[in-house]
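Chemist: let me see the structure of the following:
(2 chains)
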Amino acid sequence: MLLTSLSALMAACGGGQAEPQQALEPAQSLAGGNATQKVVTSSTAGTDAAQASSSNDWDVAGTMTASGAYRTLTQASFGPTPATVARVLALGRGGWLTEQMALPFAAPLAQTVDALYEARLATNPGATPNRRDLLNAFWREALTSESQLRWRVAYALSQIFVVSADASGAFSDPVGYADYFDMVARNAFGNYRQLLEAVALHPAMGRYLTHLGNMPADLATGRVPDENFAREVMQLFSIGLVQLNNDGSVKLGGNGQALPTYGNEDIEGLSRVFTGWSWDCQAGRSDSCYRTKSLPDRYAGKRPMVAYARFHSTAEKRFLGVTIPAQVADPAASLKIALDTLAAHPNVGPFISRQLIQRMVTSNPSPAYVASVAAAFADNGNGVRGDLKAVVRAVLAHVEARESGTGDGKVREPVLRLAALARAFPISSISGEYRFPYTDIASRDLGQSPLRAPSVFNYFRPGFMHTGGALAASGLVAPEMQISDETSVATYVRFMRALVDSSGFGEWNDQLKRPDIGLDFNASLALAPLAESLVADLHERLLGADYPALKTQTVNAIQSIVVPVLNGTGSNQNAIDKAKRDRVRAAILLTVSSPEFIVQR
Amino acid sequence: MTTTLKNLSRRHFLRYAGGMTALGSAAPLALNLGLMGHAAAQSANDYKALVCVFLNGGNDAFNTVLATDAASWSAYTSTRQEGSQSVALKYPGTPADPSAPAGTAARWGGALPITPLNAQGRQFALHPALAAARRLFNVDKRMSIIANVGPLMRPTSKADLTNPSHALPPKLRSHNDQQSVWQAMAAEGAASGWGGRMGDLLASSNGQGMFTAVTTAGRSLWASGAAVHPIAVSSAGALSLGTDDDGSLYGSAELGAALKRISASTRGSNRMETDYTQVVQRAVDSEAALRTMLPPASDARWAGTGTAGGGQSLNYISPNTQDSLLNPLAQQLQTVARVIAAANGGGMAVRRQVFFVELKGFDTHDNQTVDHAELLAQLAHGMLYFDSTLGTMGLQDNISLFTASEFGRTFTQNADGTDHGWGGHQFVLGSALAGGDIYGRFPTLGVKNAGNNRFDSSADLLDNGVLLPALAVDQMAASLGRWMGLSNGQLADLLPSFANFGMRYPQPVA
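Modeler: Next comes the predicted model:
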């Protein structure tokens, strides 16, 4: 069995006591921020704090609470652990962000998938790369990586710049698809414009939205360029369908209707830009390399697509008020104008900012919140537009992120619920690979897997309206409710029941008769005879705040399992152990099934 | 029998409705239903269900129903010119070429001719993978075609499109928005769909209102009403909330009850919690009902083995590989059949139901020839499986199924695929429309201009040959709503653009 560094870390800090005694130190000063911001404190400032989203000074000594640290880690990581809560308390939230953003990045997904393929090749020359390794590698990072903020932001971005590992291309080239997600993670603290270009030129995206090998128009046959990427890069990856104000509200025309950002002519114009791009084949840029849909060589899926001038449209390209005149085919020049135009569009800031807020913090941010993040997008304080570090910082700094009770929050999606539960306890993987099969079948498991959205529209839409409830009556959206139905809410609880019963999840290890990924509930077992202590500890681990009514109901319920007193001969030890186990299982199950856990506030 | 758009004028409606209107608009729904029973008097059983099969991604109408008369075929072959990557299908009667590569039009042979009752002076065929659908259309007369239907606010010509003040549906050609427009007549963010709102109007005849709307495809906007919430039911049937069969948890009944209480209720006023826990409560309630009422998948009526289900297996034959594969659509329709059985003698007291099922993958920007054939084979097989199963259940007259899809696709091709369009053709299976016919005017195909990709040769074709719908979704919905027993007044309330089309809807005329 392979103990991860994380579980070692957790053991070192007491296996779960989340109240560090020495935590309340002055926040570190942050590099690269805006020194002219006035100083505010997080817990006492009102509206001023909301405006001061780029302030360095969110957490002045003595103002930070464990539940505040917990909230930030729920938003900015795959789930708080005792160790990370202690770290945030030690550094302050701003300091923790700075530390996280400075961690080195090693593009681990593609490396892992390829290494496992290589290992199989050694014994079986006919082996193929396994797409399951991609999900395993992702889970390992999510559950155990120190770079929690990077992967959490990358996960959010992967739900905007969607490429699904469920696509046919991922079956044949999981290394290339893994590289796509590595690329997103690499750019998570980079610049939006560079991310957009890396997305546009990645072969995984080229295959997914079918602009790889896209042919220019042929007037004689009536053939037109494929419009797929041109359409979705505008609708989903940059500007959206309707014109936005900086606070994310929709601009209305004189007739009261939303003003569209583009029409079909713009899509036709932009589709010409995305012709003449295909594989960077080792064997050179032949016609057959341009046209092939199969992976041409082992690592072609990791190399950005390259220009093939002879397949690039030479016609005039008009879009979004820009005209690229008829040209001697110059795909790189066309691409630069197109991406510069998209990245400079005033919609990008509010459009991307609002979605990042929704993915990390809350489904219905106030206009002021969106505006503050969009402002950071427009200018990071040093005159740079699209700096995602500044954007992420602004998302997490706003008062609606830092303080509870400012809104209804968001439904936590199943993947993040599972991750939060798994990270709340010491974790290990028998294989070391974190083997975890797909969990997207709603009638059987979670109804969601990371990186395997059913389409480029993700598992859920930013504008999803949960019909017929309190939210819709108030005009509030609830994206994650799009995968919450009578089947999936039940299978979620069933999945968690199976998890607590086997103290783990993932691929079944037949030799050891337990799942590959194990969770260590020993600390809870020790508390089991005292129902109140057990529940209090679990709530600290899983909720990070006090919920007295839930605690009372949970304590009362698990007390229906009586832990016998050890008799003189010790003959009832097994019954005692079983009762303790059942109490722990029940208490965890009740907690993770509660709306207090499922909704992130 | 000829096919027209029957104009049900207000006067006609009043005459038809007779004394009911004297009771005013607040007339009890039961009376309404009694009245509408008149239209379906031939059916001994009063039960009715409407099944929406949503073809997610935008189905290519041009390769689903093909016009094959000389002028149309000439337009087809000049627009979808054959080539190494073309999506073009072969002319009816072209023999299959067993030496051609798998997954090609040549390997399948020509499109399959159909013989509509009213051929509109033209000739038609179906995609070669739609053999089962052709049987339903030509032989069984159980399936019909609604031609060139799509979202419209009012009748719209090509000339109208140049008039900025002419009202058009919002966000045309956008997947998510047109899915919403098809299902709810409004872009993403709509609060209810026309299937669910039909359910709102009809639910009063349902003892167990909870099962007025059922979805086998997760959340369904179409089946969501103001009061009606579609219940998600999977092939796994009743799914407990993690408790054991007797409702206990770790041997404790109290714990089992606590799990339900804690997960299905809030201890505060957070609206996310309120709405989420309401779904959990419905999961608990529906599980309790389904546990006793839902017959098992292994029931011979729909098991898809041997001669059960009219001999139709749950597996279809892939047109690309010839493998026998589980049809995900048939599996969903099997679940629908099980719920229908529960409502017909199984103890589920409902007389009007709407169902939502979905087949995904129609966004054929590339590799269309292979992918589209696979999907259409699933669709056709799924419909035949369902119709055969309903036959075994003796309920063929009580259920109507229709297809919908967010848009059709371009007539022109982008090498090996097609792009987002607007209008498209849809299928109706069952007695809402008389089978074996095409409803609505089939569009005129033409050739594109020499110097650009506009189609001045046809009043129905926009740039790249996108179909300008001739029939509004509202009109198609009205046909189905009438069959379900809604009055014209109710339809006018339900379907915002219906009045703009003179309340005319596809309907067979005796």
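Chemist: residues in contact with residue 422?
Modeler: Defaulting to chain A. A:79, A:143, A:505, A:517, A:519 (C-beta atoms under 8 Å, 6 or more residues apart in numbering or on different chains). C-betas here are computed from N, CA, C, even on glycine.
Chemist: the intended chain is chain B.
Modeler: Per C-beta under 8 Å, 6+ apart, neighbours of residue B:422: B:150-151, B:172-173, B:407-408, B:462, B:466-469.
Chemist: who's the closest residue to residue A:265 other than its chain neighbours bridged to?
Modeler: Leaving aside its chain neighbours, residue A:265 sits nearest to residue A:318 (6.9 Å; criterion: C-beta to C-beta, 6 or more residues apart in numbering or on different chains). Taking DSSP bridges, one finds residue A:323 as the beta-bridge partners of residue A:318.
Chemist: counting neighbours, what do you get for residue A:318?
Modeler: 16 (other C-beta atoms under 10 Å in any protein chain shown).
Chemist: now residue B:197. Nearest residue, chain neighbours left out?
Modeler: Nearest to residue B:197 is residue B:225, by C-beta to C-beta, 6+ apart, at 4.7 Å.
Chemist: I meant residue A:302, not that one.
Modeler: residue A:179 (4.3 Å).
Chemist: what is the mean pLDDT for the helix or strand hosting residue B:275?
Modeler: Assigned by DSSP states H and E, residue B:275 falls within helix B:271-293. Mean per-residue pLDDT for helix B:271-293: 97.
Chemist: now that helix: buried residues?
Modeler: B:271-284, B:286-287, B:289-290, B:293 (16 or more other C-beta atoms under 10 Å in any protein chain shown).
Chemist: from residue A:398, how far off is residue A:410?
Modeler: Using C-beta to C-beta, to the nearest Å, we find residue A:410 at a distance of 14 Å from residue A:398.
Chemist: comparing those two, which shows the higher neighbour count?
Modeler: residue A:398 (30 against 26).
Chemist: report the separation between that one and chain B.
Modeler: 19 Å (C-beta to the nearest C-beta, to the nearest Å).
Chemist: that residue contacts residue A:369, correct?
Modeler: Yes - counting by C-beta atoms under 8 Å, residue A:369 is a contact partner of residue A:398 at 5.0 Å.
Chemist: chain B contacts on the stretch 501-601 of chain A?
Modeler: Counting by C-beta under 8 Å from any C-beta of the partner chain, the residues of the stretch 501-601 of chain A close to chain B are A:547, A:549-550, A:553-554, A:556-558, A:560-561, A:582, A:585-586, A:589-590, A:593-596, A:598-599, A:601.
Chemist: which ones among those residues map onto helices?
Modeler: Counting by DSSP state H, those place A:549-550, A:553-554, A:556-558, A:582, A:585-586, A:589-590, A:595-596, A:598 in helices.
Chemist: buried among those residues? Make that a ChimeraX selection.
Modeler: Buried residues within those, by 16+ other C-beta under 10 Å, are selected in ChimeraX with:
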select /A:550,553,554,557,558,582,585,586,589,590,595,596,598
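Chemist: ok, so of the ones in helices among the residues of the stretch 501-601 of chain A next to chain B, who is nearest residue B:242?
Modeler: residue A:589 (6.8 Å; C-beta to C-beta).
Chemist: residue contacts, the closest one?
Modeler: A:493, A:496-497, A:500, B:242, B:249, B:259.
Chemist: what about it, distance to residue A:447?
Modeler: Where residue A:447 is concerned, residue A:589 sits at a distance of 18 Å (C-beta to C-beta).
Chemist: just for the chain, where's the confidence low?
Modeler: Just going to use chain A. A:1-63 (pLDDT under 70).
Chemist: not what I meant, chain B
Modeler: Low-confidence segments of chain B (pLDDT under 70): B:1-45, B:306-311, B:509-510.
Chemist: go with 50
Modeler: Applying pLDDT under 50 to chain B picks out residues B:1-44, B:308-309, B:510.
Chemist: give me the element the residue lying closest to residue A:442 once chain neighbours are set aside is part of.
Modeler: The shortest distance from residue A:442 to any non-neighbouring residue, by C-beta to C-beta, 6+ apart, is to residue A:488 (4.3 Å). Using DSSP H and E, residue A:488 falls within helix A:486-502.
Chemist: helices of the stretch 151-300 of chain B, start to end?
Modeler: Ranges of helices within the stretch 151-300 of chain B are B:175-184, B:194-202, B:253-263, B:271-293, based on DSSP state H, counting those that start in this stretch.
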